[in-house]
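K.L.:
just to be clear, the model below is a prediction. Sequence and coordinates:
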Amino acid sequence: MTTRLRRFTDVEQACLPLIEAYAEVRAPLLHLPNYSVPTLAERLQRYGRTPGFSAVLAFDAEDRPVGYAYGNTVEAGDLWWKRISDDLDTEYTRAPTLALREIGVTAAFRGTGLARRIHDDLLAGREDRYASLMVNPAAGEGKVQRVYESWGYKAIGPVQPAPDSPVLTAMVRPLNA
């Protein structure tokens, strides 16, 4: 299956195709407040106004969005780190870090390596020293977290980013890993 990747640094240009892909990827969860499309749209607008925002979207041969990832740079003292622990102080919390906010691929493209391509393209050329993400350890009966571990991420602690979200595992890796 042919796909092409496109990088965005303007949230307004990325927003509609990203939401389209997200709605398909997260369809079974959209009824939950933390996964609703309006919640995603609000997050995109918030993160899109922050330093280092970028998104990578994958489009199929018919130019439909079939995968995405987005994130922004976080620094020491950012809420990203405080949610993990109020006193978390490590080399990666003191350095500019890409907070990978979300990554997803539509069902037809899962298992093709597209998620890894999107991920690697998002990380490519960034000046951040680390990348960090949060994963639901129950997703895919632990398979999703194991995939991130195979990509070089290591768990650094539990986090519940919002009262209506599940407890996630925070993970980090060097950007050049």
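P.N.:
Cool, got the structure.
K.L.:
quick one: residues contacting residue 138.
P.N.:
Shown in contact with residue 138 (CB atoms under 8 Å, 6 or more residues apart in numbering): residue 166. No exception for glycine: its C-beta is placed from N, CA and C like everyone else's.
K.L.:
how many neighbouring residues does the closest residue to residue 6 other than its chain neighbours have?
P.N.:
Closest residue to residue 6 apart from its sequence neighbours, by CB to CB, 6 or more residues apart in numbering: residue 57 at 5.4 Å. Number of residues near residue 57 (other CB atoms under 10 Å) recorded here: 24.
K.L.:
next up, the contacts around residue 57.
P.N.:
By CB under 8 Å, 6+ apart, the residues touching residue 57 are 5, 6, 8, 14, 17, 18, 21, 65, 67, 68, 118.
K.L.:
pLDDT of the helix or strand harbouring the last one, averaged?
P.N.:
Counting by DSSP states H and E, the element that carries residue 118 is helix 114-123. For helix 114-123, the mean pLDDT works out to 97.
K.L.:
for residue 20, which three-state class applies?
P.N.:
Following DSSP: H, G, I helix; E, B strand; the rest coil, we place residue 20 in the helix state.
K.L.:
enumerate every residue touching it.
P.N.:
64, 65.
K.L.:
need the pLDDT of the spatially most central residue of the chain.
P.N.:
Geometric centre of the chain, nearest residue: residue 102, 2.5 Å, by CA atoms, centre = their mean. Note for residue 102: predicted pLDDT of 95.
K.L.:
what about it, distance to residue 18?
P.N.:
9 Å (CB to CB, to the nearest Å).
K.L.:
same check, this time on residue 107
P.N.:
Distance, residue 107 to residue 18, using CB to CB: 17 Å.
K.L.:
give me the more crowded residue out of these two.
P.N.:
Neighbour totals were compared for residue 107 and residue 18, and residue 18 leads with 25 against 10 (other CB under 10 Å).
K.L.:
assign residue 101 to helix, strand or coil.
P.N.:
With three-state DSSP as the basis, the three-state label of residue 101 is strand.
K.L.:
any idea how far the helix or strand containing residue 46 is from the middle of the chain?
P.N.:
In the assignment (DSSP H and E), residue 46 maps to helix 37-48. Relative to its chain's centre, helix 37-48 lies at 13 Å (CA atoms, centre = their mean, to the nearest Å).
K.L.:
any buried residues in stretch 15-25, and which?
P.N.:
15, 17, 18, 19, 20, 21, 22, 24, 25 (16 or more other CB atoms under 10 Å).
K.L.:
I am finished for the moment; much appreciated.
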